[in-house]
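Enquirer: below is the sequence, then the predicted model.
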Amino acid sequence: MTKRHALIKIIVLSLSLVFAIGFQCRAQPTEYQIKAAFIYNFARFTDWPSTAFSASDSPMIIGVLGKNVFGDDLANTVNGKTINGHPLKFKHFDSVTDAAHCQVLFISAPGKGDLPKILQQLQGTNILTISETDGFIEAGGMINLEIVDQKVRFEINNETAKKAGLNISSKLLSLAINSP
C-alpha cells in the first residue's frame with residue numbers, strides 16, 4: 001500500500017512535468033489533456049465493489065455525458081490501458097439512462113437545473129461522477145475539477161462516493177482541495 005501512496009503523490013504532484021516530458025516536441029498540454037490524465041488517475045485510485053462489473057475482466061467504462069469537451073484526449077488517455085484487470089473503454093453518452101452502466105462519468109456542462117436531476121438518476125449506482133461545474137459537489141457530485149492559480153485542482157465529496165460503494169484512496173483525498 002505504501003508504494004501505491006507514493007505513486008499517487010508522484011503522479012499528482014508531477015503531472016505537469018510528466019506531460020512536458022511526454023510532449024517534448026509538441027506544444028504545452030491542453031487543459032483537457034491534463035484533465036483527461038486526472039480522470040484516468042481518479043479511476044486508478046478508486047476501488048469499486050465487485051458488483052459494479054458483470055465479470056472480473058469486464059471493461060471499465062469511462063464516459064462523458066453531454067458535450068465531449070475532451071475531443072479525442074480522454075479516449076486517447078484511457079483506451080488500451082487496464083486497471084485491476086479491467087480494460088478501459090471510452091464511451092460518449094447522450095442520456096443518463098445510457099450511462100447507467102459505466103464506472104466513471106464526466107458530466108459536461110449540464111443545463112441550468114439539470115444537474116440535480118442527473119445526479120438523482122445516478123443515485124444507487126456505483127458510478128464515480130466527475131464534472132467541472134460550479135456547485136457540482138454541493139449538488140451531490142463526487143469530484144469537481146477546477147482551475148486554481150492556472151493549475152488543475154480538484155474537490156472530492158468522499159461521503160457521496162462512500163454512499164455509492166466507492167473507496168477513494170486516502171492519499172488522493174489528501175491532495176484534494178475543500179474535501180468534505
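Expert: Cool, the structure landed. Numbering: from 1, shown residues only.
Enquirer: give me the contact list for the longest strand along the chain.
Expert: Taking DSSP state E as the criterion, the chain has its longest strand at strand 86-93. For strand 86-93, contacts defined as CB atoms under 8 Å, 6 or more residues apart in numbering pick out 40, 43, 53, 57-65, 68, 74-75, 78-82, 99, 102, 105. (Each C-beta comes from the backbone N, C-alpha and C, glycine too.)
Enquirer: quick check: mean pLDDT of that strand?
Expert: Strand 86-93 shows a mean pLDDT of 97.
Enquirer: so for it, what gets flagged as buried?
Expert: 86, 88-93 (16 or more other CB atoms under 10 Å).
Enquirer: just list whatever residues bridge to Lys89.
Expert: Counting by DSSP bridges, Lys89 is bridged to Ile61.
Enquirer: quick check: it vs Asp47, distance?
Expert: From Lys89 across to Asp47, the span is 19 Å (CB to CB, to the nearest Å).
Enquirer: for Thr160, same thing?
Expert: 15 Å.
Enquirer: between the two, point out the one with more neighbours.
Expert: Thr160 (20 against 13; other CB atoms under 10 Å).
Enquirer: does that one sit in a helix or strand, and which one?
Expert: Element membership for Thr160, per DSSP states H and E: helix 158-163.
Enquirer: list the buried residues of that helix.
Expert: 158, 160-161.
Enquirer: returning to that earlier point: return a ChimeraX selection command for the buried portion of the contacts of strand 86-93.
Expert: Buried residues among those (16+ other CB under 10 Å), as a ChimeraX selection:
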select :40,43,53,59,60,61,62,63,64,65,68,74,75,78,99,102,105
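Enquirer: so which of the contacts of strand 86-93 sit within strands?
Expert: Under the assignment DSSP E, those contribute 60-65, 82, 105 to strands.
Enquirer: for Ile177, which non-adjacent residue is closest in space?
Expert: Nearest in space to Ile177, with sequence neighbours left out and distances taken as CB to CB, 6 or more residues apart in numbering, is Arg153 at 5.2 Å.
Enquirer: what's whatever helix or strand the one you found lives in in contact with?
Expert: In this assignment (DSSP H and E), Arg153 forms part of strand 151-156. With contact meaning CB under 8 Å, 6+ apart, strand 151-156 is reached by 15-16, 31, 34-35, 38, 42, 137, 142-147, 168, 172-173, 175-179.
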